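**Student:** Sequence plus predicted model, see below.
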Amino acid sequence: MKASHTHTRGFVRREVLQVGFSGFLGMSLPQVLAARDVADPSPRGAGKRPGSAPRAKSMIVAFMSGGLSHIDSVDMKPDAPEGIRGEFNPIDTAVPGIQFCEHLPLLAQRAGDLAVVRSLAHKYTNHLNATHEILTGTSQPGAFFDKVASRDDYPCYASALDYLRPRTDGIPTGVMLPTFLMEGPLTWPGQHAGFLGPRHDPWQIRQDPNKEGFRVESLALPVGFSVERLGRRQALLDQVNESMLPGTDLSRDPMSDQRERAMSLLLSGRVSGAFDLDREDPAVRDRYGRHMFGQSLLLARRLVEAGVPIVQVNLGRVQQWDTHSANFKSLKDHLLPPTDRGLAALLDDLKARGLLDETLVVIAGEFGRTPRIGSSTGNNNSPDGRDHWAAVFSALFAGGGVRGGQVIGASDRIGAYPASPPYSPGDFAATLYHALGVDPASELRDRFGRPIQLCNGQPIAPLFGA
């Protein structure tokens, strides 16, 4: 299909109006800001795998950008040599035989709800490529060091689900918050719809929910800007579209879909109310922790309740968990305690509301950290840091049909390589899709109409008791 009015630089008037419309939301809507699709592939249905019984209606992904040190969290090696085992002590969890780091006491108490996979592995030790691996389940096409996001990438989980199960109720299939993974000119892949096109991009919220006035800053119309005026702006945009593309059926314009969805969200209030954290019991907010991690996880629960199928919570800014230096101080003082508190509250809250059984919770980074402390891969000049390590790392799963209270897979005695058959990012992705009732072998179509299999991995069967 031939694209109309494409530009390599700048904006035409219609694009300016589109950007202006998205700005009224006060948050980034990549569906509106991004360039229009040049194709509109027809969705293909997603079915259950034969014999499977998926239970998850929604999923919350807690993503630790930069890479959680598995050795200093949920795969500790207290008997490893000095220089590898680290400064932290292991503590017993509620499940005999499973130990976590001493700075995860609340999650340790909830180990009965958690399954730990300790043998994930892939080959990329670069943040961008590794992030694409974990957030899409597939290697980035044409991957090279620091290859930024592009429309050749594979879709993130929310985007694939949006393609396979398109919605017409105005509720976004995916929301990512509270940070956008970008540093300088580098935009991390795995946050977008990739080759499916911008109409399937998840909603991006780039505001800290712990800040006062978050709801107003993030979603409400600006002061003095009425819904009626917003409607007039939409009508004007339609007129400009018609004048520039005479005879065009606007119902086929992907940007038209995004405007309608944004209007629906603004006018219905079905999802917008989730952003008003002031409606939440202050005691509940306190349990999550009055910080970005805690309030973001609370917002994720509220969005799931509002009907959003997939919410990704980035626990910190891009590469927040990249502990090349001060690994132990950063984990002990800044990273593990708020994560422990927020995730424990999330599990408790979902369980108390009867939502845990139908909500898959996934906790992971793009890779782990080197077994040896200090310089070992050439990326680290600090004596108290750990470098990137993708040869083996861990992830946590709960809810959505997952059988908690178990460890799946193992690393070797120093946490350097798998001691059992490794699970790939493709297996990781197939697990998430399976839990949501999506066949990993489902067919996608790129913007040129070419068929592409959703995922080449196999679900991690022991997670579901198989």
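**Tutor:** Yep, it's here.

**Student:** show me what contacts the residue positioned nearest the centre of the chain?
**Tutor:** Per Cα atoms, centre = their mean, the C-alpha nearest to the average position across the chain is that of Gln312, at 3.3 Å. Counting by Cβ atoms under 8 Å, 6 or more residues apart in numbering, Gln312 makes contact with 60-61, 63, 135, 156, 158, 174-177, 202. (C-beta placed from N, C-alpha, C; glycine too.)

**Student:** Closest one of those residues to Ile373?
**Tutor:** Phe63 (24.6 Å; Cβ to Cβ).

**Student:** Near Ser442, how many other residues are there?
**Tutor:** Around Ser442 there are 19 other residues, counting by other Cβ atoms under 10 Å.

**Student:** Tell me the spacing between Gly307 and Ala80.
**Tutor:** 46 Å (Cβ to Cβ, to the nearest Å).

**Student:** thinking again about what came up before, partner residues bridging the residue nearest to the centre of the chain?
**Tutor:** Counting by DSSP bridges, Gln312 is bridged to Val61, Met176.

**Student:** Now do it, the pLDDT please.
**Tutor:** With respect to pLDDT, Gln312 has a value of 98.

**Student:** do you know how far it is from Gly401?
**Tutor:** 20 Å.

**Student:** likewise Gly426?
**Tutor:** 20 Å.

**Student:** next one: Phe195
**Tutor:** Between Phe195 and Gly401 the computed distance is 30 Å (Cβ to Cβ).

**Student:** So if I had to pick from those two, which one is more boxed in?
**Tutor:** Phe195 (23 against 18).

**Student:** quick one: contacts for the more buried one?
**Tutor:** Phe195 neighbours (Cβ under 8 Å, 6+ apart): 151-155, 444, 446-447, 452.

**Student:** Surely Asp357 is in a helix?
**Tutor:** Yes: assigned with DSSP: H, G, I helix; E, B strand; the rest coil, Asp357 falls within a helix.

**Student:** burial measure for it, as a count.
**Tutor:** For Asp357, using other Cβ under 10 Å, the count is 15.

**Student:** Tell me the secondary structure at Ser296.
**Tutor:** helix.

**Student:** Can you give me the neighbour number for it?
**Tutor:** 27.

**Student:** I figured it was touching Arg206, is that so?
**Tutor:** No: between Ser296 and Arg206 there is no contact under Cβ atoms under 8 Å: 11.6 Å.

**Student:** residues shared between the contacts of those two?
**Tutor:** 177-178.

**Student:** hang on, the earlier thing: and of the contacts of Gln312, the nearest to Leu336?
**Tutor:** Looking across these and measuring by Cβ to Cβ, the closest to Leu336 is Phe63, at 15.6 Å.

**Student:** helix, strand or coil for the closest one?
**Tutor:** Phe63 is classified as strand under three-state DSSP.

**Student:** how much space between Val304 and Trp203?
**Tutor:** Applying Cβ to Cβ to Val304 and Trp203 gives a distance of 14 Å.

**Student:** typo on my end, it should be Tyr124
**Tutor:** Applying Cβ to Cβ to Tyr124 and Trp203 gives a distance of 27 Å.

**Student:** For those two, work out which one has more neighbours and name it.
**Tutor:** Taking neighbours as other Cβ under 10 Å, Tyr124 and Trp203 compare with Trp203 leading, 25 against 21.

**Student:** Would you agree the more buried one is in contact with Phe180?
**Tutor:** No: contact criterion Cβ under 8 Å: Trp203 and Phe180 do not qualify, at 11.3 Å.
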